[in-house]
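Okay, sequence plus prediction incoming.
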Amino acid sequence: MSEEREQELEVEAVGESVGEAKWRALRALEERLPGLDRDRVVFEVVREGARGLLGVGTSPACVRARLSRKREDEETALARTVREVVLAIGSALGAACSLQLREDEASVVVSLEGEGAGLFIGRRGRTIDAVQVVVAAVARRLQEEPRRVVTVDAASYCARRQARLSRLAQREAQRAQRTGQSVALEPMTQAERRIVHLALRDWEGVETRSEGEEPYRRVVIVPAGE
């Protein structure tokens, strides 16, 4: 199929979730273009989908998929290496995922979707945190200052976790300010604790510190001056 024809190739698919709709759209593209390079597929969420009360009136998610113009040979050496590392990890895990990579002057972001995303996430996000550590270490060796931030996420797990923990941190910071007493959060992984520390870094009136030993180490929110 010619490059011009490839650029016209676009499909829409529906599913009970956005992830399922993306998977169906990808399969439809592969049927029309055998040997499809999945890394060139770009997804657009047409409709998030919603479930009615008691499952009545469910509105399916809808996704549009097309081939991007950007090819791997147009990526920077850093992006290509990050892609290769993540794909190698996915192969070792046996995780079948579609990988999307975007980069700019400040960052490289890898997004993983599909049935195998759960294997990348792991229990309480421990696997995706380990993947992030490995990829960040590789990226550091390839870069000089100023370094671009490299992030790996699976099924938007990290983004959702960051939002949830940031809300928790702000709510408990308000409690510490109101009561004048320290608030100890539940034990968290190192990555989770870092999110809390960053969320409250510029919060006036409170300080944060980590206490305890792994795996029970936790963040304590302390009123300033205590």
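That came through, no problem. Numbering: from 1, shown residues only.

Tell me where this structure has strands.
For the chain, strands defined by DSSP state E occupy the ranges 10-15, 41-47, 61-67, 98-103, 107-113, 149-154, 183-184, 206-211, 218-223.

Comparing those by mean pLDDT, which bottoms out?
Note on those: lowest mean pLDDT is at strand 41-47, with a mean of 79.

in that one, what counts as buried?
41, 43 (16 or more other C-beta atoms under 10 Å). Where you see a C-beta, it was placed from the backbone N, CA and C, and this is true even at glycine.

tell me how far that strand is from the chain's mean position?
In terms of C-alpha atoms, centre = their mean, to the nearest Å, the gap separating the centre of strand 41-47 from the centre of its chain is 16 Å.

Can you report how many residues lie near residue 172?
20 (other C-beta atoms under 10 Å).

So what sits opposite residue 11 in the bridge?
Residue 11 forms beta bridges with residue 65, as assigned by DSSP bridges.

now what about the longest helix along the chain, what contacts it?
Longest helix in the chain by number of residues (criterion: DSSP state H): helix 157-179. Outside helix 157-179, the residues that touch it by C-beta atoms under 8 Å, 6 or more residues apart in numbering are 117, 121, 125, 128, 132, 151-153, 182-183, 185, 188, 192, 195-196, 199-200, 203, 205-206, 219, 221-223.

Report the buried residues of it.
157-158, 161-162, 165, 168-169, 172-173, 176-177.

for the protein, where's the lowest mean pLDDT among helices and strands?
Ranking every helix and strand in the chain by mean pLDDT, DSSP states H and E puts helix 3-8 at the bottom, with a mean of 48.

So what's the residue count around residue 48?
Neighbours of residue 48 using other C-beta under 10 Å come to 12.

my bad, should have said residue 156
Using other C-beta under 10 Å, the number of residues around residue 156 comes to 15.

Okay, the nearest residue to it once chain neighbours are set aside and residue 153: tell me how far apart.
With sequence-adjacent residues excluded and distances taken as C-beta to C-beta, 6 or more residues apart in numbering, residue 156 is closest to residue 111, at 7.7 Å. Here residue 111 is placed at a distance of 6 Å from residue 153 (C-beta to C-beta, to the nearest Å).

who are the neighbours in contact with the residue nearest to residue 156?
99-102, 153-154, 156 are the contacts of residue 111 under C-beta under 8 Å, 6+ apart.

Which strand residues bridge it?
residue 100, residue 153.

just residue 218 next, same as before
Per DSSP bridges, the residues bridged to residue 218 are residue 211.

my guess is it meets residue 183, correct?
No. If you go by C-beta atoms under 8 Å, residue 218 and residue 183 don't touch, sitting 10.3 Å apart.

Residue 13 against residue 63, yeah?
Yes. Judged on C-beta under 8 Å, residue 13 makes contact with residue 63 at a distance of 5.8 Å.

intersection of neighbour lists for those two?
Common neighbours of residue 13 and residue 63 are listed as 21-22, 24-25 (criterion: C-beta under 8 Å, 6+ apart).

Residue 76: which of those residues is nearest?
residue 22 (25.9 Å; C-beta to C-beta).

measure the closest one to residue 152 for me?
According to C-beta to C-beta, residue 22 and residue 152 sit 18 Å apart.
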